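coordinates for the following, if possible.
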Amino acid sequence: MFGSGLDENSGVSSVVLLIPTRFVWPYGGRNVLLSGSFTGWSNHIPMSPMEGCPTVFQVIYNLAPGYHQYKFFVDGEWRHDEHQPFVSGNYGVVNTIFLAREPNMMTTIFSPETTSVRPSSMDVDNTDLFLRLETVPRISEADIELSRHRISVFLSTHTAYELLPESGKVIMLDVNLPVKQAFHILYEQGIPVAPLWDFCKAQFVGVLSALDFILILRELGNHGSNLTQEELETHSISAWKEGKLCLNGQINSNGSSYPRCLIHADPYDSLKDVALKVLQNKVSTVPIIHSSSQDASSQQLLHLASLSGILKCICRHFRHSSGSLPILQQPICAIPLLGTWVPRIGESGQQPFAMLRPNASLSAALSLLVEAGVSSIPIVDTNDSLLDIYCRSDITALAKDRAYAQIRLDELSIHQALQLGQDASSSYGFYNGLRCQMCLRSDPLHKVIERLSIPGVRRVVIVEAGSKRVEGVISVSDVFKFLLG
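The predicted structure is shown next:
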């Protein structure tokens, strides 16, 4: 929409671009109004609840480029959004917004003093009449390379020893243990993976992960499966691993398996080497194993290294010098090739983004996890708003009360499967826990990294402010692929 005026000096009409701007109040109320410098603080603009989100109010108002102040009038009380930029002025504490005159100059303010503030619950709506206005600052290649270099230097000069906790335990499994028993151990210990020890060889020979159980349960569900429920009770881990090689075609013409090498690291390996082993081998953890002899005949398992642990080291090291890493202050939507995003309408060449409804079958979820090669799937409602997330490690919940022996994967819904791993008093969704760590597209990278460094967190779901509509996912692997170039 354009407003017209007359330039008194030139006698020709001038055109003022009015930018349709969406304001959001996501904190509930019965009657919510918007007022600001653009209304002279005298007129109040009614806001309406969003469809499907009755506690989220919104309104679109056309603003001229420039600096504006605004507040919300909620149920007869003046309020400001503490999660948005605000200042104290003649009208008390008010929120602020700056709209640039040129679309490519549009910016959201991020400074060291304000990066702890949650970014915008307000964005720019556009129609076909307008160019896309991106509320993101430009990012320079120099800033990216500088940040990558400093992180690379840190990772190259620090060793895996720094990942070792002062105290704790590491669970390892005997390779001859029945699969059923191993399934229960992972569930009871709350761990998704465990190294495998072969007493005959006196060495570690592999790992057992949640993906193994997904493949086992899918094999059990196949009508032509050679593995039965009875065999699961006695089937050893080593027998399953051999069977898995057959399924994957990794058996040679003599009927024996190809030599397998356990992906592990030495405590003196650099953090960069450990991170690269995780990324290049597409594994979630790397055992840190100390060998006291040259031939590795005496092995001691010290720790299971993960990218989250390495990320925590980065956060700790740069905590008081974040300014030396300019990339950390950038909003994630401005960083190229970071994460997986839901394709926008009209975009071509994009891979489909995997999401499922809560009533979808567990069988569909497991197939998607395996065939799409992803570690988690957002569970959304009919508006694509985030409800929960189903991860590979959630499969261990089926060990509870031997649920795996009593259900059919194509008859159990994802919602029911998630409930198996929850307490009876738990509500649906874990927005305050570790399951559904969320961020906004305008959040700075340092905030996402801090969340990914929390033990047990492996991905952050990008959602739209207010509606929680899923916009993408950033995993800890995505962050390292970007940081290491």
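
give the rounded mean pLDDT of the lengthiest helix in the chain.
Criterion DSSP state H: the longest helix present in the chain is helix 141-156. For helix 141-156, mean pLDDT rounds to 91.

ok, residues contacting it?
270-272, 275, 310, 314, 317-318, 324-328, 330, 483-485 (Cβ atoms under 8 Å, 6 or more residues apart in numbering). Any C-beta I mention is one placed from the backbone N, CA and C, and that applies to glycine too.

quick check on those: which are buried?
270-272, 275, 310, 314, 318, 325-328, 330, 483 (16 or more other Cβ atoms under 10 Å).

now, which of those residues lie within strands?
Using DSSP state E, no member of those sits in strands.

can you put those in JSON lines and add pLDDT and distance to Leu173?
Listed next are the buried ones among the contacts of helix 141-156 as JSON lines, based on pLDDT from 0 to 100; distance: Cβ to Cβ, whole Å:
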{"residue": "Ser270", "pLDDT": "95", "distance to Leu173": "29"}
{"residue": "Leu271", "pLDDT": "95", "distance to Leu173": "27"}
{"residue": "Lys272", "pLDDT": "95", "distance to Leu173": "29"}
{"residue": "Ala275", "pLDDT": "94", "distance to Leu173": "25"}
{"residue": "Ile310", "pLDDT": "93", "distance to Leu173": "25"}
{"residue": "Ile314", "pLDDT": "91", "distance to Leu173": "31"}
{"residue": "Phe318", "pLDDT": "88", "distance to Leu173": "37"}
{"residue": "Leu325", "pLDDT": "87", "distance to Leu173": "40"}
{"residue": "Pro326", "pLDDT": "86", "distance to Leu173": "45"}
{"residue": "Ile327", "pLDDT": "87", "distance to Leu173": "40"}
{"residue": "Leu328", "pLDDT": "86", "distance to Leu173": "39"}
{"residue": "Gln330", "pLDDT": "84", "distance to Leu173": "43"}
{"residue": "Leu483", "pLDDT": "91", "distance to Leu173": "33"}
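
poorly predicted segments of the stretch 351-485 of the chain, please.
Along the stretch 351-485 of the chain, segments meeting pLDDT under 70 span 351, 422-435.

for it, what spans make up the strands?
Assigned by DSSP state E, counting those that start in this stretch, the stretch 351-485 of the chain shows strands spanning 376-380, 386-391, 438-439, 459-463, 470-475.

neighbouring contacts of the third one?
The list of residues contacting strand 438-439 from outside it, by Cβ under 8 Å, 6+ apart, reads 332, 386, 431, 447-448, 451, 460-463, 468, 474.

so which residues of the stretch 351-485 of the chain form helices?
362-371, 414-420, 445-452, 476-483 (DSSP state H, counting those that start in this stretch).

quick revisit: taking the buried ones among the contacts of helix 141-156 together, which two end up most distant?
Greatest spatial distance among the buried ones among the contacts of helix 141-156 (Cβ to Cβ): Ser270 and Gln330, at 26.4 Å.

hmm, back to that, make TSV out of the strands of the stretch 351-485 of the chain and add mean neighbour count and distance to Ile289.
Formatted as TSV, the strands of the stretch 351-485 of the chain follow (neighbours: other Cβ atoms under 10 Å; distance: least, Cβ to Cβ, whole Å):
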stretch	mean neighbour count	distance to Ile289
strand 376-380	23	28
strand 386-391	22	26
strand 438-439	19	35
strand 459-463	23	27
strand 470-475	22	26
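
dump those strands into TSV; add distance to Pro192 as well.
What follows is the strands of the stretch 351-485 of the chain, written out as TSV (distance: least, Cβ to Cβ, whole Å):
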stretch	distance to Pro192
strand 376-380	12
strand 386-391	8
strand 438-439	21
strand 459-463	13
strand 470-475	14
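
of all those strands, which one is nearest Arg357?
Checking the strands of the stretch 351-485 of the chain against Arg357 by Cβ to Cβ gives strand 376-380 as the closest, at 6.8 Å.

tell me the angle that closest one makes with strand 470-475.
Interaxial angle, strand 376-380 versus strand 470-475 (axes from the mean of the first three to the mean of the last three Cα atoms, to 10 degrees): 160 degrees.

Val476 and Gly309 touch, don't they?
No - at 9.8 Å, Val476 does not count as touching Gly309 under the criterion of Cβ atoms under 8 Å.

the more surrounded of the two?
The neighbour count for Val476 versus Gly309, taken as other Cβ atoms under 10 Å, is higher for Val476 (26 against 21).

re the thing from before, between helix 445-452 and the longest helix of the chain, find me the angle.
Here the directions of helix 141-156 and helix 445-452 differ by 30 degrees (the same axes, to 10 degrees).

report all helices and strands that the helix or strand following helix 141-156 contacts.
Downstream of helix 141-156, the first helix or strand assigned by DSSP states H and E is strand 173-174. On a contact count with 3 or more Cβ pairs under 8 Å, 6 or more residues apart in numbering; DSSP states H and E, strand 173-174 meets strand 193-198.

pairing partners for the strand it packs on, with directions?
Paired strands of strand 193-198, with direction, are strand 173-174 (parallel), strand 203-209 (antiparallel) (DSSP bridges).

buried set for that strand?
Buried residues in strand 193-198, defined by neighbour count with 16+ other Cβ under 10 Å: 193-197.

report the distance from it to the chain centre.
27 Å (Cα atoms, centre = their mean, to the nearest Å).

again with stretch 149-163
Worked out by Cα atoms, centre = their mean, stretch 149-163 lies 24 Å from the chain centre.

what's the end-to-end length of it?
End-to-end distance for stretch 149-163, by Cα to Cα, to the nearest Å: 21 Å.

dump the C-alpha coordinates for the helix or strand where Phe72 lies into PDB.
For Phe72, the host element (DSSP H and E) is strand 66-74. Extracted in PDB, the C-alpha atoms of strand 66-74 (Å, rounded to 0.1, in the frame of the first residue of the first chain):
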ATOM      1  CA  GLY A  66      11.400   5.100  10.500                       C
ATOM      2  CA  TYR A  67      11.500   4.700  14.300                       C
ATOM      3  CA  HIS A  68       8.300   3.800  16.200                       C
ATOM      4  CA  GLN A  69       7.300   3.100  19.700                       C
ATOM      5  CA  TYR A  70       4.300   1.000  20.800                       C
ATOM      6  CA  LYS A  71       2.600  -0.600  23.800                       C
ATOM      7  CA  PHE A  72      -0.200  -3.100  24.400                       C
ATOM      8  CA  PHE A  73      -3.400  -2.300  26.400                       C
ATOM      9  CA  VAL A  74      -4.400  -5.700  27.900                       C
END
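
quick one: strands adjacent to it?
Short version: by DSSP bridges, strand 66-74 pairs with strand 32-36 (antiparallel), strand 77-79 (antiparallel), strand 92-99 (antiparallel).

what's in contact with whatever helix or strand comes next after the second one?
Translated: strand 77-79. Per DSSP H and E, the first helix or strand lying C-terminal to strand 77-79 is strand 86-89. Around strand 86-89, the neighbours that count as contacts under Cβ under 8 Å, 6+ apart are 69, 80, 93-96.

among the residues you listed, which ones are buried?
Buried residues within the contacts of strand 86-89, counting neighbours by 16+ other Cβ under 10 Å: 69, 80, 94-96.

wait, which of these is closest to Arg22?
Asn95 (13.8 Å).

in stretch 151-161, what counts as buried?
151, 154-155, 158-160.

helix or strand: which one has Glu219?
Assigned by DSSP H and E, Glu219 falls in helix 210-221.

list the buried residues of that helix.
Under the neighbour-count criterion of 16+ other Cβ under 10 Å, helix 210-221 has 210-220 buried.

what angle sits between the one helix or strand Lys277 maps to and helix 141-156?
Assessed by DSSP H and E, Lys277 sits inside helix 271-281. With the same axes, to 10 degrees defining the directions, helix 271-281 sits at 100 degrees from helix 141-156.
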